[in-house]
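J.: I would like to see how this sequence folds:
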Amino acid sequence: MATLFNWGVKEGNRATPVVVKMENPNWSMVELEGPSEEDFLITNPSASARDKGRGKNAKQLTWVLLLKAHRAAGCLTSIAPALLTLVSAVKRRVASGRTDADVDNDRVGREKENPTVKSKFYSCIKVFLVVSVLLLCFEVAAYFKGWHFGASNLQLDYLYWAPAFGVKDFFNWVYAQWVLIRVEYFAPPLQFLANACIVLFFIQSLDRLVLCLGCFWIRFKKIKPVPKEGVLDLESGEKGFFPMVLVQIPMCNEKEVYQQSIAAVCNLDWPKSKFLIQVLDDSDDPITVSLIKEEVEKWQQEGANILYRHRVIRDGYKAGNLKSAMNCSYVKDYEFVAIFDADFQPTPDFLKKTVPHFKDNDELGLVQARWSFVNKDENLLTRLQNINLSFHFEVEQQVNSVFINFFGFNGTAGVWRIKALEEAGGWLERTTVEDMDIAVRAHLHGWKFIFLNDVECQCELPESYEAYRKQQHRWHSGPMQLFRLCLPDIIKAKISTWKKFNMIFLFFLLRKLILPFYSFTLFCIILPMTMFVPEAELPAWVVCYIPATMSFLNILPAPKAFPFIVPYLLFENTMSVTKFNAMISGLFQLGSAYEWVVTKKSGRSSEGDLVSLVEKAKHQRGSSAPDLEEMKEEIQRQQEEKAVKKKKKKHNRIYMKELALAFLLLTASARSLLSAQGIHFYFLLFQGISFLLVGLDLIGEQVD
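T.: Predicted structure coming up:
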């Protein structure tokens with residue numbers, strides 16, 4: 001893809017330094033990146049204090065300024081190629097047609113959202129767009145005729161005109177009546193809705209600030225969960241803490257990543273007689289089923305205690321898969337169960353770092369580890385996801401773990417006490433967020449959770465916007481389903497009032513419902529509408545300062561991503577469309593509220609880590625070096641074949657809802673110019689551009 005859309009893509013340093021040679025004897029052949037303190041040193045050391053501020057070498061300063069001008073000119077020359085690249089990319093994408101409603105050949109990738117719900121939501125956006133375009137034309141015409149009415153100097157009596165009493169023309173009368181209607185009928189409800197969203201916005205920002213202060217306190221006091229049992233010594237089994245552990249790997253058509261997950265789990269540093277691995281395969285592709293089965297058989301021959309289970313009837317998706325596995329008769333012999341999704345690769349010492357926390361802590365039901373991402377620098381989309389998830393783990397999960405011993409289970413990279421699962425009622429198929437469901441029910445039964453921020457489990461992020469969009473739809477639709485189902489149980493539960501308040505208001509309403517609601521309503525609907533109804537106003541601190549501050553707080557756990565703070569803010573508002581739609585779908589049981597779509601994986605993490613695991617296994621068997629080299633070549637060949645197949649099958653899409661909102665915001669930005677709305681214009685302009693880029697699928701993985 002062209003340079004413009006590789007912004008944020010992982011790559012080497014391509015910057016070309018500028019080499020300048022000067023005849024001045026004070027200078028030599030140097031590589032200049034910018035003026036340093038020496039560039040402005042005084043040439044005459046005996047100069048008086050009065051002349052120190054003026055005694056700089058003028059010629060040196062001139063050369064430095066020329067160098068700066070040269071670099072600035074280089075940046076300016078790159079703008080034209082970038083714009084041409086953007087135009088050509090847009091032409092190619094538009095030529096591919098409207099594809100967000102198309103049905104892919106791959107059944108997993110089909111768009112299964114209810115067409116009726118989609119059309120209604122899309123129709124509402126189109127209505128706003130059409131009305132805004134008409135109003136923009138109307139306002140432009142009024143602007144050139146000199147008719148301007150602001151909220152501060154509006155005189156309602158002056159507007160009660162009639163064509164018979166000397167009105168110059170019909171248009172002036174129509175415009176006056178439109179101003180009267182918007183002042184009396186449109187502005188009050190719009191201002192009320194804006195004020196309500198501002199209040200919600202302020203409450204959510206306050207909650208985010210409190211979480212950040214809690215994280216700061218944890219770091220300042222160096223609070224960290226410490227197990228009663230120290231580092232385990234596998235050689236002295238009597239002194240160590242070695243309970244029976246069941247390890248589960250649920251997967252479904254995970255052809256790209258099954259090898260690395262199975263290899264990582266089989267290499268866990270734990271007594272072989274003390275843990276059992278279950279590969280829970282829900283694949284409906286015969287080729288994938290045979291490949292996973294062969295992989296399990298290979299590790300069985302290596303001595304691993306591993307079993308393969310395949311369900312023909314996939315009732316309940318992941319929850320049904322886990323529930324079926326827990327019904328096996330031999331599960332009663334195990335005390336704990338560790339769960340890893342197919343793209344997760346635990347380190348060999350994972351169980352040694354997590355299981356000891358359960359010793360002499362009978363109230364502990366869950367130990368959750370943090371995720372790390374092998375492809376976080378792959379493209380702009382993965383970088384923005386890394387910011388969000390870093391805040392989620394570093395701040396939300398850690399603070400809730402330390403102060404209230406409760407947080408939402410992340411569905412993987414965690415160890416459960418099997419007794420806690422059984423008391424909570426086991427896995428249920430009633431929602432698409434079975435992990436959050438079991439965590440809520442276990443907390444209502446009095447079980448406590450621990451989050452280990454220093455224990456990481458490697459996985460991968462969705463690299464395409466399509467995969468990320470479907471993942472976010474499931475993550476925001478499921479909690480609303482669960483809230484409807486759990487609310488009576490939370491009210492009746494025998495827990496403290498504070499815990500009930502935290503679960504109902506903070507955990508569900510504020511962070512799962514209010515956040516996507518006000519984000520979409522305030523920044524994508526109300527703000528554009530206030531440009532056409534200027535009597536309803538949004539303060540500059542709502543549009544700029546508070547969002548910028550919150551984005552800054554969100555990005556603190558990932559400081560290397562600080563240059564992406566502006567794209568992050570804009571992208572989060574862009575994603576509010578998907579999150580709002582999913583939230584409404586889950587809350588009112590509409591559309592794809594119960595639809596589960598497996599997030600597509602690329603298998604990038606297998607390229608390096610699988611090789612290291614193979615090296616370890618080969619070394620343990622005393623294999624020769626030529627065999628190892630041959631194995632590496634085979635792995636490399638398989639990865640190249642996967643990349644070729646992926647390019648042939650995948651395609652970029654066009655998302656009409658995002659495009660419609662892009663034009664709505666750009667129209668509102670044009671209207672804001674007429675009323676000299678400074679910060680509002682820039683926000684609407686850049687937010688509209690971000691919607692345009694996302695709508696054309698120019699963020700994330702690009703397929704030529």
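J.: roughly how far out does the helix or strand harbouring Ala668 sit from the chain middle?
T.: Assigned by DSSP states H and E, Ala668 belongs to helix 656-674. Here helix 656-674 is found 24 Å from its chain centre; the criterion is CA atoms, centre = their mean, to the nearest Å.
J.: Likewise for stretch 667-676?
T.: 31 Å.
J.: what residues does it touch?
T.: Stretch 667-676 is contacted from outside by 129, 132-133, 135-136, 139-140, 143, 148, 150, 527-529, 531-532, 534, 680-681, 684-685, 688, using CB atoms under 8 Å, 6 or more residues apart in numbering. The way it works is simple: take the backbone N, C-alpha and C, and place the C-beta from them, glycine included.
J.: just stretch 355-366 next, same as before
T.: Here stretch 355-366 has contacts from 225, 227-230, 232, 241, 243, 245, 336, 367, 409, 414-417, 419-420, 439, 442, 446-450, 452, using CB under 8 Å, 6+ apart.
J.: ok, Ile387 touching Leu556?
T.: No. Between Ile387 and Leu556 there is no contact under CB atoms under 8 Å: 9.7 Å.
J.: care to break the protein down by domain?
T.: By the assignment in the TED database, the chain contains the domains 114-209+464-598+651-703, 237-376+406-460.
J.: In TSV, list those along with distance to Glu396.
T.: Below are the domains of the chain laid out as TSV (distance: least, CB to CB, whole Å):
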stretch	distance to Glu396
domain 114-209+464-598+651-703	8
domain 237-376+406-460	7
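J.: Report the secondary structure state of Ile450.
T.: strand (DSSP: H, G, I helix; E, B strand; the rest coil).
J.: Can you get me a residue count around it?
T.: 21 (other CB atoms under 10 Å).
J.: Quick check: the gap between it and Arg417.
T.: 11 Å (CB to CB, to the nearest Å).
J.: One more: Arg441?
T.: In terms of CB to CB, Arg441 sits 14 Å off from Arg417.
J.: give me the element the residue lying closest to Asp341 once chain neighbours are set aside is part of.
T.: What sits nearest to Asp341 in space, not counting adjacent residues and going by CB to CB, 6 or more residues apart in numbering, is Thr412, at 4.1 Å. According to DSSP H and E, Thr412 maps onto no helix or strand at all.
J.: my guess is Thr412 meets Ala342, correct?
T.: No. If you go by CB under 8 Å, Thr412 and Ala342 don't touch, sitting 9.1 Å apart.
J.: And the two? Which one has more around it.
T.: Ala342 (26 against 23).
J.: which element is the more buried one on?
T.: Using DSSP H and E, no helix or strand contains Ala342.
J.: So it is in contact with Asn253, correct?
T.: No. Counting by CB under 8 Å, Ala342 does not reach Asn253; the two are 9.3 Å apart.
J.: returning to that earlier point: Provide a list of residues in contact with the residue nearest to Asp341.
T.: So Thr412 contacts 339-341, 344, 435, 457, 459 (CB under 8 Å, 6+ apart).
J.: Under the pLDDT cut-off, which ranges of this structure? List them.
T.: 1-60, 72, 75-80, 82-83, 85-119, 145-169, 229-240, 591-651, 676-677, 703-704 (pLDDT under 70).
J.: who does the longest helix seen in it touch, helix- and strand-wise?
T.: Assignment by DSSP state H gives helix 187-221 as the longest helix of the chain. Taking 3 or more CB pairs under 8 Å, 6 or more residues apart in numbering; DSSP states H and E as contact, the helices and strands that helix 187-221 lies on are helix 398-404, helix 515-520, helix 527-532, helix 546-555.
J.: Please tabulate these in CSV, including the columns mean neighbour count and distance to Thr578.
T.: What follows is the helices and strands packed on helix 187-221, written out as CSV (neighbours: other CB atoms under 10 Å; distance: least, CB to CB, whole Å):
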stretch, mean neighbour count, distance to Thr578
helix 398-404, 20, 25
helix 515-520, 22, 9
helix 527-532, 24, 18
helix 546-555, 18, 18
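J.: and the ones you listed as TSV, adding distance to Gly695?
T.: Shown next, in TSV, are the helices and strands packed on helix 187-221 (distance: least, CB to CB, whole Å):
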stretch	distance to Gly695
helix 398-404	35
helix 515-520	15
helix 527-532	16
helix 546-555	21
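J.: Out of the ones you listed, flag the one nearest Glu466.
T.: helix 515-520 (19.5 Å; CB to CB).
J.: what separates that closest one from the chain centre, distance-wise?
T.: Counting by CA atoms, centre = their mean, helix 515-520 comes out at 15 Å from the chain centroid.
J.: Without its sequence neighbours, what residue ends up closest to Val245?
T.: Phe275 (4.2 Å).
J.: who's in contact with stretch 217-229?
T.: 240-241, 356-357, 359-361, 398-399, 401-402, 450-454.
J.: Just the buried positions in it, please.
T.: 218, 225, 227 (16 or more other CB atoms under 10 Å).
J.: can you check stretch 344-361 too?
T.: Across stretch 344-361, burial judged by 16+ other CB under 10 Å covers 344-347, 350-358, 361.
J.: closest to Ile490 among the residues you listed?
T.: Ile490 lies nearest to Asn361 out of the buried residues of stretch 344-361, by CB to CB, at 24.8 Å.
J.: quick one: that closest one and Pro189, what's the gap?
T.: Asn361 is 54 Å from Pro189, by CB to CB.
J.: Next: Phe409.
T.: Distance from Phe409 to Pro189, counting by CB to CB: 41 Å.
J.: now Ser672
T.: For Ser672, the distance to Pro189 equals 21 Å [CB to CB].
J.: Which one's more surrounded, these two?
T.: Shown here are Ser672 and Pro189; by other CB under 10 Å, Ser672 has more neighbours (24 against 11).
J.: Roughly how far does that one sit from Trp178?
T.: Ser672 is 18 Å from Trp178, by CB to CB.
J.: circling back to that earlier point, more neighbours, Ile387 and Leu556?
T.: Legend: neighbour count by other CB under 10 Å for Ile387 and Leu556, higher for Ile387 (25 against 17).
J.: Three-state assignment for that one, please.
T.: Ile387 is classified as helix under three-state DSSP.
J.: Pull the contacting residues for it.
T.: 554-555, 558, 561, 564, 568.
J.: coming back round to it: let me see the backbone angles for the residue nearest to Asp341.
T.: Dihedral angles phi and psi of Thr412 (degrees, to the nearest 10) take the values phi -160, psi 170.
J.: Asp343 versus that one, what's the distance?
T.: 9 Å.
J.: my guess is Gln368 is in a strand, correct?
T.: Yes. Secondary structure assignment places Gln368 in a strand (three-state DSSP).
J.: quick one: contacts for it?
T.: 397, 401, 407, 409-410, 413-414, 449-452.
J.: cool, and Phe393?
T.: Counting by CB under 8 Å, 6+ apart, Phe393 touches 370-371, 451, 453, 557.
J.: what do you get if the cut-off is 6 Å, keeping everything else the same?
T.: Arg370 (CB atoms under 6 Å, 6 or more residues apart in numbering).
J.: Name the nearest residue to the spatially most central residue of the chain, sequence neighbours excluded.
T.: Taking CA atoms, centre = their mean, the centroid of the chain lies closest to Gln385, which sits 3.4 Å from it. Leaving aside its sequence neighbours, Gln385 sits nearest to Leu461 (CB to CB, 6+ apart; 4.9 Å).
J.: again, but for Phe201
T.: In space, and not counting its chain neighbours, Phe201 is closest to Tyr518: 5.3 Å by CB to CB, 6+ apart.
J.: No more questions from me, cheers.
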